[in-house]
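*Asks:* need a 3D model of the following:
(one chain, ligands or ions: 1)
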Amino acid sequence: MVPALSIGRSRIRKEFVVRFMDRAFARLYPRIIKGSEDKWLRDARRELLALAYGDVVEIGAGAGHNLPHYDDKVTSLTLTEPSPYMVETLERAVSRSGKKARIVLARAESLPLEDKSADCVVSTLVLCSADPGGSLREVRRVMRPDGIFLILEHVRGKGRVARMQRISEPFTKFLGRGCHVTRETRAFLEATGFDVTEVRDVWIDDEPKIYGPHIVGPARII
Ligand SMILES: C[S@@+](CC[C@H](N)C(=O)[O-])C[C@H]1O[C@@H](n2cnc3c(N)ncnc32)[C@H](O)[C@@H]1O
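*Replies:* You can find the predicted model right below:
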């Protein structure tokens, strides 16, 4: 029998590691992503977010990299983010940007927002971490029926890339705080009742192969 004291200690150690890693990820994220931003991601964000309009809700807003790309068509902006450490970075980004945004501490699987309250929901590099079924059901719930869901996500590839992704996933999950590189996000979108015909498959040469395959574009409620 394992003594209760040792179970207690191992749980405390695990929680310590989780908090340490979450805090480190939040602090380092802007530096981790900078190379990708400079090579292609900033341009991809700009192109995608030019479609944003009306009442916008972003899930997993992270360090606020999408903020500069919201223009005057956006009448209200709600940034949701579940990590309290990331929220600190996000608050600084919002105040630097001079934009008006409401920050809500929430997981995408449980958004404290009203049904049909958003014209546009945005998810960039989030659905690899969030539970895809639960979060997409929430996105559908808060979206107005004629709204758009703007997506930029890395996804599972094919053949050798998929094999490499399977092998590396335990590491990406730990280091990227839950990042699943084998996620088949397009299939989850279809299963949740989104029309993904305008969502393009894009291969990013500037990323390591396991992060090469992406989907980008607007999805709509069927
Ligand atoms: C790779 S970062 C992307 C941040 C930002 N969206 C961007 O484009 O730079 C992943 C983000 O998803 C957030 N996240 C993780 N699990 C989540 C969940 N269940 N619901 C919503 N966001 C989540 C993380 O806290 C982190 O901010």
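*Asks:* burial measure for the closest residue to the ligand within the chain, as a count.
*Replies:* Closest to the ligand within the chain is G62: 2.5 Å, counting by C-beta to the nearest ligand atom. Where C-beta positions appear, they are placed from N, C-alpha and C, glycine not excepted. Neighbourhood size, G62 [other C-beta atoms under 10 Å]: 23.
*Asks:* what about it, distance to S10?
*Replies:* Separation of G62 from S10 (C-beta to C-beta, to the nearest Å): 30 Å.
*Asks:* and for K73?
*Replies:* K73 is 51 Å from S10, by C-beta to C-beta.
*Asks:* the two - which one has more neighbours?
*Replies:* Taking other C-beta under 10 Å, K73 and S10 do not tie; K73 has more neighbours (14 against 11).
*Asks:* who touches the more buried one in this structure?
*Replies:* Going by C-beta atoms under 8 Å, 6 or more residues apart in numbering, K73 touches 52-54.
*Asks:* and which of those is nearest G178?
*Replies:* Nearest to G178 among the contacts of K73: A52, at 25.5 Å, using C-beta to C-beta.
*Asks:* got the contact list for the closest residue to the closest one other than its chain neighbours?
*Replies:* In space, and not counting its chain neighbours, A52 is closest to C120: 5.0 Å by C-beta to C-beta, 6 or more residues apart in numbering. When contacts are counted by C-beta under 8 Å, 6+ apart, C120 touches 51-57, 74, 143, 147-150.
*Asks:* C120 in helix, strand or coil?
*Replies:* Under the three-state scheme (DSSP: H, G, I helix; E, B strand; the rest coil), C120 adopts strand.
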